[in-house]
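Enquirer: Below: sequence and its predicted model.
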Amino acid sequence: MPSLIDFRRRIRSVKNTQQITKAMKMVSAAKLRRAQDRVIAARPYAAQMREMLANLAQAAQSDERASESVWLAKREPKNIDLVLITSDKGLAGAFNSNLIKASERFAAENANAKVSLTLVGRKGRDYYKRRGAPIIGEYVNILAKPTFADASAVAAEIIRRYREGETDAVYVINNDFKSVMTQTLSVQQLLPVDLTPSSEAAATKDYIYEQSPLDMLERLMPRFVEVAIFRSMLETGAAEHAARMTAMDKASSNAKDVIEALTLYMNRVRQAAITKEIIEVVSGAAAAS
């Protein structure tokens with residue numbers, strides 16, 4: 001049976017762990033606020049840019065060069081690039097494992113195609129690197145505070161491969177931030193983009209373009225890919241803080257339960273030891289008399 005000193009050491013160790021989990025929860029709560037503001041600011045821009053590209057694509061259909069545009073072409077997906085965005089750190093519950101499992105399901109569902117990986121985040125990179133998966137790009141330590149330049153660096157190779165026909169489709173897997181308690185797994189087709197207007201009102205708008213709509217589409221599509229990846233990185237960063245905040249709150253609560261259970265057991269052991277000593281003293285006194 002463990003001694004009282006062993007119980008006290010165990011309780012002190014759990015209390016120290018509880019202080020760490022509480023501190024991590026507070027840090028994640030502070031970072032979540034800033035990350036949430038960036039996500040909310042990025043969403044309308046990405047949505048409006050997609051709407052604008054849909055209008056451009058509709059206008060570009062009348063251009064005699066439209067059939068030569070790589071952005072308007074539809075190809076059979078024999079080669080697929082998958083962008084997987086995970087976190088660089090752990091202690092966020094099932095956050096990263098859910099993303100990795102989603103990427104494995106995606107590969108299984110597209111078993112007839114060759115799936116190449118672009119990995120953003122250390123957890124996904126380490127997982128697939130150990131398994132010798134086909135990786136065309138890896139980017140770590142950028143999700144703590146992602147910038148548009150980081151997203152442009154991630155998108156550069158993806159855009160080049162799609163333009164040159166090395167890949168037929170591009171997908172991105174990330175976690176979308178909904179609330180502190182809810183993060184939604186997202187599997188989004190990035191290329192080819194669905195360039196149909198999202199509403200009837202948008203489809204009936206008549207725009208006057210000073211330049212060729214096809215030329216504008218050719219210049220703006222790479223920027224759209226960069227914006228989409230940047231938004232996915234922001235969403236994943238905010239979702240990571242929310243997941244870690246929830247996980248650390250549960251860890252702190254569990255540590256409290258462990259401390260209470262250990263304290264109760266320690267008191268029982270101490271009471272049993274005191275009772276045993278009293279019995280020994282009484283027995284000794286009775287034997288002496």
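Expert: Structure received.
Enquirer: Which of the three states applies to the most centrally placed residue in the chain?
Expert: Geometric centre of the chain, nearest residue: Thr236, 3.8 Å, by CA atoms, centre = their mean. Under DSSP: H, G, I helix; E, B strand; the rest coil, Thr236 falls in the helix class.
Enquirer: Let me know whether it touches Leu143 as I believe.
Expert: Yes - in this structure, Thr236 is within contact of Leu143 by CB atoms under 8 Å, at 6.5 Å. (Each C-beta comes from the backbone N, C-alpha and C, glycine too.)
Enquirer: intersection of neighbour lists for those two?
Expert: Counting by CB atoms under 8 Å, 6 or more residues apart in numbering, the contacts common to Thr236 and Leu143 are 85, 87, 121.
Enquirer: which among those end up buried?
Expert: 85, 87, 121 (16 or more other CB atoms under 10 Å).
Enquirer: Output these as JSON lines; include the columns distance to Met49 and secondary structure.
Expert: As requested, these are exported to JSON lines (distance: CB to CB, whole Å; DSSP: H, G, I helix; E, B strand; the rest coil):
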{"residue": "Ile85", "distance to Met49": "19", "secondary structure": "strand"}
{"residue": "Ser87", "distance to Met49": "26", "secondary structure": "coil"}
{"residue": "Gly121", "distance to Met49": "25", "secondary structure": "coil"}
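Enquirer: Low-confidence ranges, the stretch 101-250 of the chain, go.
Expert: The model of the stretch 101-250 of the chain has pLDDT under 70 over residues 195-206.
Enquirer: In the stretch 151-289 of the chain, mark out all the strands, start to finish.
Expert: 169-177, 183-191 (DSSP state E, counting those that start in this stretch).
Enquirer: just how off-centre is the first one within its chain?
Expert: Centroid separation between strand 169-177 and its chain, computed with CA atoms, centre = their mean, to the nearest Å, is 9 Å.
Enquirer: Which neighbours in the sheet does it have, and how are they oriented?
Expert: Strands flanking strand 169-177 in the sheet, each with its direction: strand 79-85 (parallel), strand 183-191 (antiparallel) (DSSP bridges).
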